[in-house]
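Visitor: whatever this is, show me its structure:
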Amino acid sequence: MPSPHPRLPLSLLALSMALPASGLAEERVLLAPVEVSDVAWQAGYQASEAQITGPHAAPLLDTPASVSVFTQALLQDRQVRQLSEVLHSDASVGESYAPIGYYENFNVRGFTLNAANSYRLNGQTLAGEQNVALENKQQVELLKGLSGLYSGVSAPGGLINYVSKRPEDVRSVTVSSNEQGERYLATDLGGWFGSERQFGLRANLAHEDIRSYVDHADGQRDFASLAFDWNIGPDATLQLDAEYQQREQRSVPGYQLLGGSALPHGVDPSDRLAYQDWAKPVKSDALNLGGRFEYRFDDAWTGTLSASRSEVVIDDYSAFAWGCYGAASCAEQALPNHFSPEGDYDIYDFRSPDDTRRVVEAQATLNGRFKALGMDHNLTLGTSAQRRTLDQRPTYNEFVGSGNIGQDAPFWPASTMALQDSERRLDSRQYGVFFNDTLSFDEHWQTVLGARGVRLDERTWDESGAAGRHTQRYELLPNAAVLYKPAPDTTFYVSYGKGLSAGGTAPWFASNASQILAPTLSHQYEIGAKQDWRGMSFTAALFQLRQAYQYSRPDGDGRFTYVQQGQQKNTGLELGANGQATSRLQLQASVAAIRARVSGSGSAEYEGHQALNVPNLRAALYADYSLPVPGLALLGGARYSASKYADRLGEVSVGGYTVFDVGSRYSTRIGGYDTVLRLTVDNLFDKRYWRDVGDYLGDDYLFQGAPRTARVSASVSF
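Guide: You can find the predicted model right below:
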């Protein structure tokens, strides 16, 4: 299927480096322009502000919520390519159906994020069914817990916001490779120009030949982005952003339990299940556009208008491993959605081209500071409108043969069944009005009161094109918090929030197959503390989250119905430390203990134990130590996870694990140019472990963690 967007030629990378510096800075002036930024960028791993909770950056100390910020320094030192590599350093996050070669997803605080509404770019909703490029990102922000006030419909676990780099005088190129022979080239080019240097541009280009440690899972990626800033006058600014990425990589199916009750054993991370030479790489074309206009009426009041459009088109022609209908030992089972006890599995010809997700959003806000009733107010008023659509072809998933986990899959001919036309499956429109007021009584006490009124108009269609559910719903999502600051660098807070989350999609084997359930409510209580002390930021949060439980309810005789019944309640404690521990040592550390339980589901076997894919304890530590040798630093890290259940019955668990990472950074000058050399080695001791045992559309999958991998890079600034 031809791509809706042209492929980026690699020659563009070379062209960007050939552009003369004078084209971006025509002449030197004594006074630089005033560059308006929502975030006060800081060197190192510590950040003091984030913009994930509103139209403008807010100090983390004054935010009554748990927010993690992953700075550009951390992204560069980790040599990250995907979001999973970023989120390794937060103990509250785990992967949730994140196969290699497909778009990733995560659980936060034990609840799975929703690709439809859990991801944002510069504060605007992003189609999450994409692996967002990181070359043009200044930082990544994670809000843990409910975000209904800030985003309307969203998953209870949290919200992720990517912040784009803004224009600055920069010309750099980065090359990289790994032990598999990866070829990576990226350029970063920007500057200010115009008669008063009022115009700013920043372009990022990248090409990657993906070389995976998994057999038959290579691919390639091309990326381009452009950021434009215009200081229209002393009171008005305009920011425009565009980014496009085309990615192709063969997806890697996950394993399933043997006989539904035992873990696969003796498998190599490099093995690829169900490989067939007629299968194609999963191809993803993503285009994200955004614009923001800000006007400062005076020193106290600011108005902001923003709009965005995000579109992802996925072409998937895969050979997929699932179930064991073809195995003799599974013949008597009504629904053998697992591998056979002997390790046999079925191979399916799965095709889903033109899988198109679009999100269009607009928002207007007014922010002001004033005094009233003896209190200082920081008030934000706003309104927003969003439309999300989903277009897909009817399910194409045809059985072609069988394989076994202990050997390469035999060749089977592809299915000859014809594809059907693409159809509209979902049209969701969301309108909101919101306010958020921070009331300061004195230098010690603050109260935050806010609410979002959501109007949701959502229509669904089944695979035959027949009209399905039509939901029209009005919901008020309140949020309240009290903050006590005994000192300027210390905050204690207690908060309550209410959220509205999108309903799940019924799996193919349910009696209501492919039905998209109605949205469901969630509630959160949180008590927290934050302190900045001698270059370090310390955080602690105790929370309780509740949401309706969505699952395939057994109806007997091998039949199931996908329902919202009962609730899942997650209670947890999070601890974090981040910043400059000594003049030479930077740290980023976190611990999360979570108790996740289901109750009232009507299926007793799903209750009374920890929820699927949620360990009761995780911890992460990353360190950067500058050696006495000028420019040389050692990097290291460790990730720990306790055991977690791989089935909803709580009968099969994967073992806990600890993974160690090491690296180094050397800053020097070569040929008169600033150069940074980096080396990272992840999983230093080549630990074998199951990183992800989440479910997808009602089925449970197991994905192995990566073996020992190494990557080296060189960045040169001109």
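Visitor: which regions of the chain sit below the pLDDT cut-off?
Guide: Applying pLDDT under 70 to the chain flags the ranges 1-43.
Visitor: one more time with 50, if that's ok
Guide: The chain contains residues with pLDDT under 50 at 1-42.
Visitor: now the longest strand along it: buried residues?
Guide: In the chain, with assignment by DSSP state E, the single longest strand is strand 344-372. Using 16 or more other Cβ atoms under 10 Å as the test for burial, strand 344-372 gives 344-367. C-beta coordinates here come from the backbone N, C-alpha and C atoms, glycine included.
Visitor: ok, stretch 672-681 next?
Guide: Going by neighbour count (16+ other Cβ under 10 Å), the buried part of stretch 672-681 is 675-678, 680-681.
Visitor: next one: stretch 449-459
Guide: For stretch 449-459, the neighbour count (16+ other Cβ under 10 Å) marks 450-454, 456, 458-459 as buried.
Visitor: and it, how far from the chain's centre?
Guide: Put simply, stretch 449-459 sits 23 Å off its chain's centre (Cα atoms, centre = their mean, to the nearest Å).
Visitor: do the same with stretch 414-433
Guide: What separates the centre of stretch 414-433 from the centre of its chain is 23 Å, taken as Cα atoms, centre = their mean.
Visitor: before we move on, the earlier item: what helices or strands is the longest strand of the chain leaning on?
Guide: The contact analysis (3 or more Cβ pairs under 8 Å, 6 or more residues apart in numbering; DSSP states H and E) places strand 344-372 against strand 124-125, strand 301-322, strand 375-392, strand 397-404.
Visitor: angle of it against strand 375-392?
Guide: 150 degrees (axes from the mean of the first three to the mean of the last three Cα atoms, to 10 degrees).
Visitor: strand 344-372 - which strands sit beside it in the sheet, and in what orientation?
Guide: Applying DSSP bridges to the sheet, strand 344-372 is found paired with strand 301-322 (antiparallel), strand 375-392 (antiparallel), strand 397-404 (antiparallel).
Visitor: closest one to residue 707 among those?
Guide: Closest to residue 707 of the strands paired with strand 344-372 is strand 301-322 (Cβ to Cβ; 20.2 Å).
Visitor: what residues sit buried inside the closest one?
Guide: For strand 301-322, burial by neighbour count (16+ other Cβ under 10 Å) applies to 302-304, 306-322.
Visitor: now do stretch 599-612
Guide: Buried-residue list, stretch 599-612, by 16+ other Cβ under 10 Å: 601, 603, 606-607, 609-612.
Visitor: now tabulate those in JSON lines and tack on secondary structure.
Guide: Below are these laid out as JSON lines (DSSP: H, G, I helix; E, B strand; the rest coil):
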{"residue": "601", "secondary structure": "coil"}
{"residue": "603", "secondary structure": "coil"}
{"residue": "606", "secondary structure": "helix"}
{"residue": "607", "secondary structure": "coil"}
{"residue": "609", "secondary structure": "coil"}
{"residue": "610", "secondary structure": "coil"}
{"residue": "611", "secondary structure": "coil"}
{"residue": "612", "secondary structure": "coil"}
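Visitor: between those residues, which is nearest residue 133?
Guide: Among the buried residues of stretch 599-612, residue 612 lies closest to residue 133 (Cβ to Cβ), at 30.7 Å.
Visitor: one step back: and the furthest pair within the buried residues of stretch 599-612?
Guide: Comparing every pair within the buried residues of stretch 599-612 by Cβ to Cβ identifies 603 and 610 as the most remote, at 15.9 Å.
Visitor: CA atoms of stretch 156-176 as PDB?
Guide: Output of stretch 156-176 as PDB, limited to C-alpha atoms (Å, rounded to 0.1, in the frame of the first residue of the first chain):
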ATOM      1  CA  PRO A 156      -6.300   6.800  35.300                       C
ATOM      2  CA  GLY A 157      -2.600   5.700  35.400                       C
ATOM      3  CA  GLY A 158      -1.200   8.900  34.100                       C
ATOM      4  CA  LEU A 159      -0.300  11.200  31.200                       C
ATOM      5  CA  ILE A 160       2.800  11.500  29.100                       C
ATOM      6  CA  ASN A 161       3.800  14.800  27.500                       C
ATOM      7  CA  TYR A 162       6.600  15.300  24.900                       C
ATOM      8  CA  VAL A 163       8.100  18.800  24.900                       C
ATOM      9  CA  SER A 164       9.700  19.900  21.600                       C
ATOM     10  CA  LYS A 165      13.000  21.700  21.300                       C
ATOM     11  CA  ARG A 166      12.600  25.500  20.600                       C
ATOM     12  CA  PRO A 167      14.800  27.500  18.200                       C
ATOM     13  CA  GLU A 168      18.400  28.300  19.400                       C
ATOM     14  CA  ASP A 169      21.700  28.800  17.700                       C
ATOM     15  CA  VAL A 170      22.800  25.200  17.200                       C
ATOM     16  CA  ARG A 171      24.500  23.100  14.500                       C
ATOM     17  CA  SER A 172      25.300  19.500  15.400                       C
ATOM     18  CA  VAL A 173      25.500  16.100  13.900                       C
ATOM     19  CA  THR A 174      25.300  12.700  15.700                       C
ATOM     20  CA  VAL A 175      26.300   9.300  14.400                       C
ATOM     21  CA  SER A 176      25.800   6.100  16.300                       C
END
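Visitor: can you give me the buried ones in it?
Guide: Neighbour counts over stretch 156-176 (16+ other Cβ under 10 Å) mark 156-168, 171-174, 176 as buried.
Visitor: same thing with stretch 576-586?
Guide: For stretch 576-586, a neighbour-count test (16+ other Cβ under 10 Å) marks 576-581, 586 as buried.
Visitor: what's the spacing between that stretch and its chain's center?
Guide: In terms of Cα atoms, centre = their mean, the centre of stretch 576-586 is found 26 Å from the chain centre.
Visitor: and for stretch 83-94?
Guide: Relative to its parent chain, stretch 83-94 has a centroid offset of 9 Å by Cα atoms, centre = their mean.
Visitor: so what's the closest residue to residue 506 other than its chain neighbours bridging to?
Guide: Nearest non-adjacent residue to residue 506, counting by Cβ to Cβ, 6 or more residues apart in numbering: residue 562, 3.4 Å away. On the basis of DSSP bridges, residue 562 is bridged to residue 552.
Visitor: contact partners for residue 562?
Guide: Contact analysis of residue 562 by Cβ atoms under 8 Å, 6 or more residues apart in numbering lists 504-507, 510, 512, 515, 517, 550-553, 698.
Visitor: do residue 603 as well
Guide: By Cβ under 8 Å, 6+ apart, the contact list for residue 603 reads 551, 553-554.
Visitor: again, only using 7 Å
Guide: Listed by Cβ atoms under 7 Å, 6 or more residues apart in numbering, the contact partners of residue 603 are 553-554.
Visitor: measure it to residue 561 for me?
Guide: Look at residue 603 and residue 561: by Cβ to Cβ, to the nearest Å, they are 11 Å apart.
Visitor: now do the shared contacts for the two.
Guide: residue 553.
Visitor: quick one on the thing from earlier: tabulate the helices and strands packed on strand 344-372 (TSV), appending distance to residue 104.
Guide: Shown next, in TSV, are these (distance: least, Cβ to Cβ, whole Å):
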stretch	distance to residue 104
strand 124-125	18
strand 301-322	13
strand 375-392	19
strand 397-404	22
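Visitor: wasn't residue 149 part of a strand?
Guide: No. Counting by three-state DSSP, residue 149 falls outside a strand, being helix.
Visitor: quick check: it touching residue 480?
Guide: No. Between residue 149 and residue 480 no contact is recorded; they are 9.7 Å apart, counting by Cβ atoms under 7 Å.
Visitor: more neighbours, those two?
Guide: residue 149 (25 against 16; other Cβ atoms under 10 Å).
Visitor: please identify the helix or strand for the closest residue to the more buried one other than its chain neighbours.
Guide: Distances taken as Cβ to Cβ, 6+ apart put residue 479 closest to residue 149, at 4.0 Å, once the chain neighbours are dropped. Per DSSP states H and E, residue 479 falls inside strand 467-487.
Visitor: likewise residue 522?
Guide: Per DSSP H and E: residue 522 is located in strand 520-533.
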